[in-house]
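Colleague: this one's sequence-less:
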């Protein structure tokens with residue numbers, strides 16, 4: 001199974017090679033840890049991490 005790819009700028013997991021948030025193509029498969037944000041507007045963790053859109057995010061990018 002191939003490792004999921006993450007946008008280097010937004011840290012969101014991407015399908016293919018384009019970020020759904022910033023539309024960038026700078027993605028990597030080198031990451032550690034993940035967090036799932038269901039409702040970014042109500043999440044204290046999302047606020048602290050500067051996340052405005054719900055989704056699955058990498059915690060650290062290598």
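Modeller: Everything's here; your move. Remember, predicted model here, so these are calculated numbers, not experimental data.

Colleague: and the most centrally placed residue in the chain, how far is that from residue 40?
Modeller: Residue closest to the mean C-alpha point of the chain, counted by Cα atoms, centre = their mean, is residue 12 at 1.4 Å. Using Cβ to Cβ, to the nearest Å, residue 12 is found at 11 Å from residue 40. All C-beta spots, glycine's among them, are computed from the backbone N, C-alpha and C.

Colleague: swap in residue 30?
Modeller: Applying Cβ to Cβ, the value for residue 30 to residue 40 is 25 Å.

Colleague: cool, residue 18 as well?
Modeller: Between residue 18 and residue 40 the computed distance is 20 Å (Cβ to Cβ).

Colleague: more neighbours, these two?
Modeller: Of the pair residue 18 and residue 40, residue 40 is the one with more neighbours under other Cβ atoms under 10 Å, namely 15 against 12.

Colleague: Within the helices and strands, which one has the more buried one?
Modeller: Using DSSP states H and E, residue 40 is not contained in any helix or strand.

Colleague: quick one, phi psi at it?
Modeller: phi -60, psi -30 (degrees, to the nearest 10).

Colleague: so it touches residue 52, yeah?
Modeller: Yes. In terms of Cβ atoms under 8 Å, residue 40 counts as a neighbour of residue 52; the distance is 5.5 Å.
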